[in-house]
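Asker: my questions are about this predicted structure, shown below with the sequence.
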Amino acid sequence: METRNIRELFRASNVLLIMDIPRMDPSSAGLGLRTIRGVKVMLSPDLAQLFGTSHKALLRLIRRERERFPPDFMFKLSPAETRLFIPSGRGIRPPVLAFTAEGILMTSGLLQTPTAITFSVEIIRVFGCPPGTGIWEP
(Lines give C-alpha, C1' and ligand atoms only; values in the text may rest on other atoms or scores of the structure.)
Protein backbone atom coordinates (compact mmCIF):
# COMPACT_ATOMS: atom_id res chain seq x y z
CA MET A 1 0.00 0.00 0.00
CA GLU A 2 1.48 3.33 -1.06
CA THR A 3 1.72 5.99 1.64
CA ARG A 4 1.62 9.72 0.88
CA ASN A 5 2.59 12.49 3.19
CA ILE A 6 -0.55 14.56 3.57
CA ARG A 7 1.32 17.81 3.96
CA GLU A 8 0.11 17.89 0.37
CA LEU A 9 -3.31 19.17 -0.51
CA PHE A 10 -6.18 16.82 0.13
CA ARG A 11 -7.82 17.93 -3.11
CA ALA A 12 -11.38 17.39 -1.90
CA SER A 13 -11.41 20.98 -0.70
CA ASN A 14 -7.96 22.58 -0.84
CA VAL A 15 -7.44 21.81 2.85
CA LEU A 16 -4.01 20.80 4.07
CA LEU A 17 -3.91 17.75 6.31
CA ILE A 18 -0.95 16.95 8.52
CA MET A 19 -0.85 13.18 8.87
CA ASP A 20 0.36 10.26 6.83
CA ILE A 21 -2.75 8.55 5.53
CA PRO A 22 -2.30 5.57 3.21
CA ARG A 23 -3.97 5.87 -0.19
CA MET A 24 -6.10 2.86 -0.82
CA ASP A 25 -7.62 0.81 -3.53
CA PRO A 26 -11.43 0.51 -3.08
CA SER A 27 -11.09 -3.26 -2.74
CA SER A 28 -8.56 -3.10 0.10
CA ALA A 29 -9.59 -3.01 3.73
CA GLY A 30 -6.96 -0.62 5.12
CA LEU A 31 -7.13 3.01 6.19
CA GLY A 32 -7.06 5.63 3.52
CA LEU A 33 -8.64 8.06 1.16
CA ARG A 34 -11.12 6.94 -1.46
CA THR A 35 -12.90 8.73 -4.25
CA ILE A 36 -16.65 8.24 -3.94
CA ARG A 37 -19.18 10.23 -5.98
CA GLY A 38 -16.25 12.16 -7.42
CA VAL A 39 -15.08 13.39 -4.00
CA LYS A 40 -12.05 12.30 -1.97
CA VAL A 41 -13.31 10.98 1.35
CA MET A 42 -12.42 8.83 4.32
CA LEU A 43 -15.03 6.35 5.51
CA SER A 44 -16.27 6.45 9.08
CA PRO A 45 -14.78 3.06 10.13
CA ASP A 46 -11.36 4.20 8.86
CA LEU A 47 -11.69 7.63 10.47
CA ALA A 48 -12.64 6.04 13.80
CA GLN A 49 -9.59 3.77 13.62
CA LEU A 50 -7.33 6.68 12.64
CA PHE A 51 -8.49 8.74 15.62
CA GLY A 52 -8.43 5.83 18.07
CA THR A 53 -12.13 5.47 18.79
CA SER A 54 -14.83 2.96 17.90
CA HIS A 55 -17.09 3.31 14.89
CA LYS A 56 -20.09 3.24 17.23
CA ALA A 57 -18.69 6.12 19.34
CA LEU A 58 -17.96 8.14 16.20
CA LEU A 59 -21.53 7.67 14.93
CA ARG A 60 -22.88 8.72 18.34
CA LEU A 61 -20.78 11.91 18.18
CA ILE A 62 -22.02 12.68 14.66
CA ARG A 63 -25.67 12.19 15.71
CA ARG A 64 -25.14 14.50 18.69
CA GLU A 65 -23.37 17.18 16.60
CA ARG A 66 -25.25 16.74 13.29
CA GLU A 67 -25.54 20.50 12.62
CA ARG A 68 -21.73 20.66 12.34
CA PHE A 69 -21.72 18.30 9.36
CA PRO A 70 -23.47 19.75 6.28
CA PRO A 71 -23.56 17.64 3.10
CA ASP A 72 -20.24 19.03 1.82
CA PHE A 73 -18.54 17.78 5.05
CA MET A 74 -20.10 14.31 5.20
CA PHE A 75 -22.61 12.07 3.47
CA LYS A 76 -24.12 8.66 4.12
CA LEU A 77 -23.24 5.78 1.80
CA SER A 78 -26.05 3.96 0.07
CA PRO A 79 -26.44 0.23 0.85
CA ALA A 80 -24.84 -0.60 -2.53
CA GLU A 81 -21.87 1.71 -1.84
CA THR A 82 -21.49 0.22 1.63
CA ARG A 83 -21.33 -3.32 0.17
CA LEU A 84 -18.79 -2.15 -2.41
CA PHE A 85 -16.43 -0.35 -0.02
CA ILE A 86 -16.82 -2.26 3.28
CA PRO A 87 -15.97 -5.98 3.17
CA SER A 88 -18.63 -8.04 4.95
CA GLY A 89 -16.07 -9.76 7.19
CA ARG A 90 -15.04 -6.46 8.73
CA GLY A 91 -17.96 -6.43 11.17
CA ILE A 92 -18.97 -2.82 10.50
CA ARG A 93 -22.65 -2.06 10.97
CA PRO A 94 -24.39 0.63 8.94
CA PRO A 95 -24.63 3.47 8.55
CA VAL A 96 -21.27 4.10 6.96
CA LEU A 97 -20.47 7.77 6.50
CA ALA A 98 -18.02 9.39 4.07
CA PHE A 99 -16.10 12.42 5.37
CA THR A 100 -14.56 15.08 3.14
CA ALA A 101 -11.49 17.01 4.31
CA GLU A 102 -13.71 19.51 6.10
CA GLY A 103 -15.57 16.71 7.84
CA ILE A 104 -12.30 15.11 8.96
CA LEU A 105 -11.16 18.44 10.39
CA MET A 106 -14.48 19.02 12.15
CA THR A 107 -14.38 15.51 13.62
CA SER A 108 -10.83 15.98 14.90
CA GLY A 109 -11.95 19.11 16.74
CA LEU A 110 -14.83 17.28 18.44
CA LEU A 111 -13.17 14.01 19.46
CA GLN A 112 -11.19 13.84 22.68
CA THR A 113 -8.76 11.07 21.73
CA PRO A 114 -5.02 11.84 21.87
CA THR A 115 -4.64 11.34 18.11
CA ALA A 116 -7.57 13.66 17.31
CA ILE A 117 -6.19 16.32 19.66
CA THR A 118 -2.72 16.09 18.08
CA PHE A 119 -4.31 16.33 14.63
CA SER A 120 -6.25 19.46 15.63
CA VAL A 121 -3.17 21.10 17.14
CA GLU A 122 -1.17 20.47 13.96
CA ILE A 123 -3.93 21.96 11.80
CA ILE A 124 -3.96 25.09 13.97
CA ARG A 125 -0.18 25.35 13.69
CA VAL A 126 -0.41 25.22 9.90
CA PHE A 127 -3.32 27.63 9.55
CA GLY A 128 -2.59 29.77 12.60
CA CYS A 129 -2.05 33.48 12.47
CA PRO A 130 1.49 34.44 11.40
CA PRO A 131 3.37 36.49 14.02
CA GLY A 132 3.31 40.21 13.45
CA THR A 133 0.12 40.29 11.38
CA GLY A 134 -1.82 42.18 14.02
CA ILE A 135 -4.55 39.57 14.16
CA TRP A 136 -5.22 38.49 17.75
CA GLU A 137 -2.76 41.05 19.02
CA PRO A 138 -4.04 43.72 21.48
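Answerer: Nice, thanks for sending it over.
Asker: helices or strands up against the top helix by length along the chain?
Answerer: Ranked by residue count, the top helix of the chain under DSSP state H comes out as helix 114-127. With contacts defined as 3 or more Cβ pairs under 8 Å, 6 or more residues apart in numbering; DSSP states H and E, the packing partners of helix 114-127 are strand 15-16, helix 101-110. (C-beta placed from N, C-alpha, C; glycine too.)
Asker: show me where this protein dips below the pLDDT cut-off.
Answerer: 1-31, 89, 127-138 (pLDDT under 70).
Asker: how about the strands in it?
Answerer: Under the criterion DSSP state E, strands of the chain are mapped to 3-5, 9-10, 15-16, 20-22, 34-36, 39-43, 74-76, 97-99.
Asker: what sits up against stretch 92-101?
Answerer: The contact list for stretch 92-101, computed with Cβ atoms under 8 Å, 6 or more residues apart in numbering, reads 10, 12-13, 15, 17, 34, 36-37, 39-45, 47, 55-56, 59, 62, 72-77, 79, 81-82, 85-86, 107.
Asker: pull the number of nearby residues for residue 42.
Answerer: Residues within reach of residue 42, counting by other Cβ atoms under 10 Å, total 28.
Asker: now the helices and strands packed on helix 114-127 as a markdown table including mean neighbour count?
Answerer: Converted to a markdown table, the helices and strands packed on helix 114-127 look like this (neighbours: other Cβ atoms under 10 Å):
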| stretch | mean neighbour count |
| --- | --- |
| strand 15-16 | 16 |
| helix 101-110 | 22 |
